[in-house]
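J.: sequence first, then the predicted structure, then my questions.
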Amino acid sequence: MTSLAVRLAAATSNALSKFAGDGVADLRPMPRVLIDQGPLRSVYRFTTPGGEPGGQPVLLVPPLAAPALCFDLRRGCSLAEHLVGDGRRTYLVDYGNVSFSDRNLGVEHWIDEVLPKAIQKVHSDSGGQDVHVVAWCLGGIFSLLTAADRADLPIKSITTVASPFDFTQIPLVAPFRPLVDVTGGHILTPVYRALGGAPAGLVTQAFRLTGIDKEITKPLAIMKNLDDRDYLAQIEAVDRFMASMLAYPGRTFGQLYHRFFRANDLAEGTVDLGGRVISLSGVTVPILVIAGENDVIAPRGAVERLVGLLDGAPSVRFESAPGGHLGVITGRAARRTTWRYIDEFLDEQMC
């Protein structure tokens, strides 16, 4: 068959699967077992048919609002699958659904309750081994604040991917800063208080707006790449991810808005949570920082700011990789860039 005939046959097969079948992406989740549970905290251990991997434990930490399947997007493009396949004992903390009844929970809930208990459970479940934390976006911020505040926790290392620490470096929000300053930051306060936070639907639309150009051109891109099954599978998996967004609790959203966005506390390496100041200089474990080269939510400058704030860390490594905010952690290019950086870093810490 000629190259054109091969492509036409592939496009026909893919079109039938996508538009008349069950889709082209393998969306089966990686097998896992629940090992711990609490308020907005479910801790899972990934399993394999051949038995449990014996490597040092790795805990995957998602951000708020985004579903934990960011680490298990689809077969063939799942960081969890990759880590387990490399023989690493891999865990995941999942916050579950956030409801209106959770509106009074603040950042403290995650750094005092959720993450410390998840880390301690993984530590005990793995036979007393220290835990490597791999976190995305806000999950990275929460992980570092937890480590800074709780030096006694059995943490071996922390990897942050697309975690912004200088919000003045985010062009996406720059136009709103003058309005926020003029109103003293109160323009959004009545809204998130009335809604009990940021509803899932609003989070989904905000995330989509960051890639509005891709949303507009997506139908054309699908038709142009109809013969590329892996490309189509990625779009299908991302669409499922986008449809699974969760809400932000009201008080947490208020803290993120006032302390992170408006006051830009993180850029100076400290966060004031109602008079309780946590400094990133308290982090005393090796750190890997990864930024997405095409990330508009957490651009390189906002992410790289972290490197200069970790005075107490024995080592800090910075890398950038292709991809936007989601793509840098689970895009097709992440398989040979971001994941390789994580592998190299974890192997270094195990020596």
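T.: Now that the structure is in, tell me what you want to look at.
J.: correct me, but residue 266 touches residue 165?
T.: Yes: using Cβ atoms under 8 Å, residue 266 is in contact with residue 165, at 4.5 Å. All C-beta spots, glycine's among them, are computed from the backbone N, C-alpha and C.
J.: mutual contacts of the two, please.
T.: Listed as contacting both residue 266 and residue 165 by Cβ atoms under 8 Å, 6 or more residues apart in numbering are 141, 305.
J.: looking at the two, which one has more neighbours?
T.: Counted by other Cβ atoms under 10 Å, residue 266 and residue 165 do not tie: residue 165 has more neighbours, with 28 against 24.
J.: need the contact list for that one.
T.: 141, 266-267, 302-303, 305-306, 309.
J.: change it to 7 Å
T.: By Cβ atoms under 7 Å, 6 or more residues apart in numbering, the contact set of residue 165 is 266-267, 302-303, 305-306, 309.
J.: residue 236 now?
T.: 23-25.
J.: what subset of those residues is buried?
T.: Applying 16 or more other Cβ atoms under 10 Å to the contacts of residue 236, the neighbour count classes 24-25 as buried.
J.: nearest to residue 290 among the contacts of residue 236?
T.: Nearest to residue 290, judged by Cβ to Cβ, of the contacts of residue 236 is residue 25 at 24.6 Å.
J.: tell me how far that closest one lies from residue 77.
T.: Residue 25 is 9 Å from residue 77, where distance means Cβ to Cβ, to the nearest Å.
J.: which neighbours do these two share?
T.: Common neighbours of residue 25 and residue 77 (Cβ under 7 Å, 6+ apart) are residue 237.
J.: where in the protein is the helix or strand with the lowest mean pLDDT?
T.: In the chain, the helix or strand scored least confidently by mean pLDDT, DSSP states H and E is helix 177-182, which has a mean of 44.
J.: contacts only, for residue 43.
T.: Counting by Cβ under 7 Å, 6+ apart, residue 43 makes contact with 35-36, 91, 93, 118, 121-122.
J.: could you redo the last one with a cut-off of 10 Å?
T.: By Cβ atoms under 10 Å, 6 or more residues apart in numbering, the contact list for residue 43 reads 32-37, 59, 91-94, 114, 117-122, 125.
J.: SS state for it?
T.: strand (DSSP: H, G, I helix; E, B strand; the rest coil).
J.: from residue 322, how far out is the spatially most central residue of the chain?
T.: Centroid-nearest residue in the chain: residue 136, 2.7 Å away (criterion: Cα atoms, centre = their mean). Residue 136 sits 16 Å away from residue 322, going by Cβ to Cβ.
J.: repeat that for residue 39.
T.: Distance, residue 39 to residue 322, using Cβ to Cβ: 37 Å.
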